[in-house]
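S.K.: Can you look at this prediction? I've put the sequence above it.
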Amino acid sequence: MIKNLPLHWKILIGMVLGILVGIIASMMGANQIIVNWVKPFGTIFINLLKLIAIPLIIASLIKGVSDLKDISKLSRMGGRTVVIYLFTTMFAVSLGLILVNIIKPGSSINEQTRQGLLEGYATEASGKIALAEAQKSSGPLQALVDLVPDNIFKAMGDNGNMLQVIFFVILFGIGLILIEPAKAKPITDFIDGLNEVVLKMIDMIMLVAPYGVFALLAALIVESPSWDLFKALLWYSVTVLIGLFILILFVYPMLAKAIGGFSYKQFFAGISPAQLVAFSTSSSAATLPVTMERVHEHMGVDEEVSSFVLPIGATVNMDGTSLYQGVAAIFIAQTFGLELTVGAQLGIVLTATLASIGSAAVPSAGMIMLVIVLGAAGIPEAGLALIFAVDRPLDMVRTIANVTSDATVSIIVAKSLGLLGKPHVRDLDDHYHKGSKLH
Ligand code: ASP
């Protein structure tokens, strides 16, 4: 029976069992057994996803760009993508700011808890502050310079340099459009084949996803800080979570319905496996292979669009992260008793948008860039220590928002270009169980 269950249910069961096993192991004092014998399988799963990320970006983005055939189509799609990404991100920070001003979670933290948190997490916070300082001290145009790699193999050698790989690949794709079709043909044929192989590899990796998320969550539970800390930061966490759930459960499905004609069920049947992987890995980059497969194979977004919009989105479009940065900044200000003017809060909309674009698509990256938001708004950076204890669970949920936003924007862009087909989620079981052909 289990065998015929759709993939998202299997992943969900894996998650729940992982959490249960983690709790039982903590109660029995068997934490080390989980760390030694279960956690490695979670690490292997994340490694598998990361392993496929660079080949996937190369194969699908070159194919995506060169399939566009002419440059004007590319600039049309690029322009739309960037504008919609910026819009969703700014909307998300604004939503966060409205919520944090209404709920005022900072006022529920008393002096004693604040001191305790500041002292307890001072070292970890200063590590993140140092990382952020290194980014900040490199001049205003450094982000632009960082976009252009001086050696493509070096860029590919580090999964953190995805934007550099994307830059190279888009340039390569444009070159492919501009040369004589007869000369381009062997390369496009090769890329087509490569793309198929990579998609098949993702299918195979997804078969072990339920076990991977089981291991990740069991390990997370035995390694997480105590529940007491979470309780102290309850209102802050609730504020962030309300914002993220408004995005995930209402804003994106409604956009997908209004623009793409997706029913609520179709939308979630399509995207939920990617959401569950995002939750378990806390990394949009690691989730990218799954997001691409779901959006293209199951939600009807043409490959021309998904292969262009999603890799870029995974690295630059982070609505969940920007919302969290907005809430966290004001929360810290509130706990220190600082009043921020409307002007200062509008400044946070801008810096959180930029900081989320600059955040790498890996666990905790949003927290590092938060330092920059705090610095720009004149909020003490040491305040980072206040929110450390609960960062991981919030990171898991904001990554879901990041990934869901990418998928939604790909639907909007596809629709606007007449490249949105029908969602075909019903063949899900066949697809994973009989190993049926992808197309
Ligand atoms: N973990 C997030 C992501 O990969 C980034 C962050 O907010 O820390 O999308």
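M.R.: That came in fine, so what should we check first? Numbering: from 1, shown residues only.
S.K.: Check which helices and strands the helix or strand encompassing Lys183 sits against.
M.R.: Using DSSP states H and E, Lys183 maps to helix 181-207. Applying 3 or more CB pairs under 8 Å, 6 or more residues apart in numbering; DSSP states H and E, one finds that helix 181-207 contacts helix 39-67, helix 162-178, helix 284-293, helix 428-433. Any C-beta I mention is one placed from the backbone N, CA and C, and that applies to glycine too.
S.K.: following it, which helix or strand comes up?
M.R.: Next along the chain from helix 181-207, counting by DSSP H and E, comes helix 209-223.
S.K.: Just the buried positions in that next one, please.
M.R.: 209-222 (16 or more other CB atoms under 10 Å).
S.K.: name the helices or strands packed onto the helix or strand hosting Pro273?
M.R.: Secondary structure from DSSP H and E places Pro273 in helix 264-281. Other helices and strands packing on helix 264-281, by 3+ CB pairs under 8 Å, 6+ apart, are helix 7-28, helix 39-67, helix 209-223, helix 252-260, helix 284-293, helix 299, helix 391-416.
S.K.: Looking at the longest one now, give me its mean pLDDT.
M.R.: Computed over helix 39-67, the mean pLDDT rounds to 89.
S.K.: likewise stretch 206-213?
M.R.: pLDDT averaged over stretch 206-213 gives 93.
S.K.: coming back round to it: if we check the ligand, which of the buried residues of helix 209-223 are in contact?
M.R.: With CB under 6 Å from any ligand atom as the criterion, the buried residues of helix 209-223 include none near the ligand.
S.K.: so can I have CSV of those showing distance to Phe388?
M.R.: Putting these into CSV (distance: CB to CB, whole Å) gives the following:
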residue, distance to Phe388
Ala209, 29
Pro210, 30
Tyr211, 30
Gly212, 26
Val213, 24
Phe214, 26
Ala215, 24
Leu216, 20
Leu217, 20
Ala218, 22
Ala219, 19
Leu220, 15
Ile221, 18
Val222, 18
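S.K.: rewinding a little: generate a markdown table for the helices and strands packed on helix 264-281, with distance to Gly193 as supplementary columns.
M.R.: A markdown table is the format used below for these (distance: least, CB to CB, whole Å):
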| stretch | distance to Gly193 |
| --- | --- |
| helix 7-28 | 26 |
| helix 39-67 | 9 |
| helix 209-223 | 25 |
| helix 252-260 | 30 |
| helix 284-293 | 17 |
| helix 299 | 24 |
| helix 391-416 | 24 |
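S.K.: Confirm that Glu339 lies within a strand, as I assumed.
M.R.: No. Applying DSSP: H, G, I helix; E, B strand; the rest coil, one finds Glu339 to be coil, outside a strand.
S.K.: Would you report the backbone torsion angles of it?
M.R.: Phi and psi for Glu339, reported as degrees, to the nearest 10, are phi -90, psi 130.
S.K.: confidence score at it?
M.R.: Taking Glu339 on its own, its pLDDT is 85.
S.K.: Could you export the helix holding Pro273 as CSV, keeping only the C-alpha atoms?
M.R.: The C-alpha trace of helix 264-281 is given here as CSV (Å, rounded to 0.1, in the frame of the first residue of the first chain):
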residue,chain,number,x,y,z
TYR,A,264,-5.5,25.0,-4.5
LYS,A,265,-5.2,21.3,-4.6
GLN,A,266,-3.4,21.3,-8.0
PHE,A,267,-1.0,23.9,-6.8
PHE,A,268,0.0,22.0,-3.7
ALA,A,269,0.0,18.5,-5.3
GLY,A,270,2.4,20.0,-7.8
ILE,A,271,4.8,21.9,-5.5
SER,A,272,4.5,20.1,-2.1
PRO,A,273,7.4,17.6,-2.6
ALA,A,274,9.7,20.6,-3.2
GLN,A,275,8.3,22.3,-0.2
LEU,A,276,9.0,19.3,2.0
VAL,A,277,12.5,19.0,0.7
ALA,A,278,13.0,22.8,1.3
PHE,A,279,11.8,22.3,4.9
SER,A,280,14.1,19.4,5.6
THR,A,281,17.2,20.8,3.9
